[in-house]
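Q: Okay, here's the prediction I keep looking at, along with the sequence it came from:
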Amino acid sequence: MAIATLTPALAAALDALPASRLPALLCTMPKAELHLHIEGSLEPELIFRLAERNGVTLPYASVEALRAAYAFTDLQSFLDIYYAGASVLLQEADFFDMAWAYLEKAAAENIVHAELFFDPQTHTDRGVPIDVVIRGLARAVERARTELGVSAALILCFLRHLSEAAAFGTLEAALPWREHFIGVGLDSSELGHPPSKFERVFARCRELGLHVVAHAGEEGPPAYIHEALDLLHSERIDHGVRCLEDPALVQRLAASRMPLTVCPLSNIKLCVFDSLAGHNLPALLDAGLCAMVNSDDPAYFGGYLNQNLVETFAALPQLGARQAWQLASNSFEASFADAAEKARWQARLDTFFLTAAA
Ligand code: ADE
Ligand code: ZN
């Protein structure tokens, strides 16, 4: 069941808003970010600053040269550069600085709640202790609540190109810091690494009371989405855009209001779609799916959440104020916040649009 109802008064308000006002409304409306890899928020300027602080030599001469290398042909070509960028993260302060920089941007973008993915194996495999990673990120999350008024939480992701044993080892190593993360996810190279590979790890995570999500149907086939649901019992599907190839799957996702954390600019940069004008977000919403817009790896894909929204709406004129409201509403519904908090954010969103149209 959706948490929000489009009352006649709200529908009238949304329909009264002209398209010319959409860019400003998209940027100022309250919303949640549910698919953001914190390592993917590492801007080239911060990569160079941390490299200097830590005495790391980068294979790029300048910020501009690094940015120029951000021309991707698929997910793997991006991941190679993304993991190289993360090599400058060594100390707790580096993880804090990275997360704090993102959370300040989130506050400026009217993101009231953010659930942040982090990839411990990217760091522990380089010899960085997992507590250094988690403590640095958790300190930024805690400070965001008190100083920025942004509610934030961490989701630990397993790298699916690594083994089941490595995922179990990472879970074990993270458990002393269990209070600092609310769930687990599954990311990295999708093709050839189906969700089934991690069925037992996810079962253990669910036993521990952790939320579970998984990337599926980004580059991988609809069968991977079925596996994420049936074998991992995933509570959200990250990306999921390939579900439209399987009508029975779409029905299942719509009936269960399974959230899809869609990332339009990412999909263009990684060549999942040729252009934003050809993105299937309108079709996902028309099918009644609980989709919302997210930024994935904004430092690499050309924009944070507001940029994703503004560019996507500009490219797809069938998206209007009703869809803006729906996407933000879906983002709250799909979050792992408690029901009272979701209801407060939803009321804020409804008031925002009623006031805008008054
Ligand atoms: N890690 C960071 N971004 C990712 C993406 N879009 N897909 C899979 N793994 C990722
Ligand atoms: Zn992702």
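A: Okay, I see it. Numbers count the residues shown, from 1 in each chain. Ligands and ions are numbered 1, 2, ... in the order given.

Q: which residue ranges form the strands in the stretch 201-350 of the chain?
A: 211-212, 214-216, 237-239, 259-262, 290-293 (DSSP state E, counting those that start in this stretch).

Q: which one of those strands is the most hemmed in?
A: Highest mean neighbour count of those: strand 214-216, a mean of 30 (counted as mean count of other Cβ atoms under 10 Å). Any C-beta I mention is one placed from the backbone N, CA and C, and that applies to glycine too.

Q: Please name the strands paired to it in the sheet, noting orientation.
A: Strand 214-216 pairs in its sheet with strand 237-239 (parallel), by DSSP bridges.

Q: I would like the residues contacting the partner strand, please.
A: Contacts to strand 237-239, defined as Cβ atoms under 8 Å, 6 or more residues apart in numbering, come from residues 35, 185, 187, 213-218, 225, 228-229, 243, 253, 258-263, 267, 272.

Q: so how far is that strand from its chain's centroid?
A: Here the centre of strand 237-239 is set off from its chain's centre by 9 Å, with Cα atoms, centre = their mean, to the nearest Å.

Q: what does stretch 177-191 give?
A: Taking Cα atoms, centre = their mean, one finds stretch 177-191 lying 12 Å from the centre of the chain it belongs to.

Q: same check, this time on stretch 349-358
A: With Cα atoms, centre = their mean, you get 26 Å for stretch 349-358.

Q: Stretch 56-68 too?
A: So, by Cα atoms, centre = their mean, the centroid of stretch 56-68 is 26 Å from its chain's centroid.

Q: Need the distance between the two termini of that stretch.
A: Taking Cα to Cα, to the nearest Å, the first and last residues of stretch 56-68 lie 20 Å apart.

Q: Does stretch 225-239 reach ligand 1?
A: No. Using Cβ under 6 Å from any ligand atom, stretch 225-239 stays clear of ligand 1, with a minimum separation of 6.9 Å.

Q: in that stretch, what counts as buried?
A: Applying a neighbour-count criterion of 16 or more other Cβ atoms under 10 Å, one finds 225-229, 231-232, 234-239 buried in stretch 225-239.

Q: could those residues be laid out in JSON lines, adding distance to L137?
A: Output for the buried residues of stretch 225-239, formatted as JSON lines (distance: Cβ to Cβ, whole Å):
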{"residue": "I225", "distance to L137": "28"}
{"residue": "H226", "distance to L137": "32"}
{"residue": "E227", "distance to L137": "29"}
{"residue": "A228", "distance to L137": "25"}
{"residue": "L229", "distance to L137": "28"}
{"residue": "L231", "distance to L137": "28"}
{"residue": "L232", "distance to L137": "24"}
{"residue": "S234", "distance to L137": "22"}
{"residue": "E235", "distance to L137": "21"}
{"residue": "R236", "distance to L137": "20"}
{"residue": "I237", "distance to L137": "24"}
{"residue": "D238", "distance to L137": "19"}
{"residue": "H239", "distance to L137": "23"}
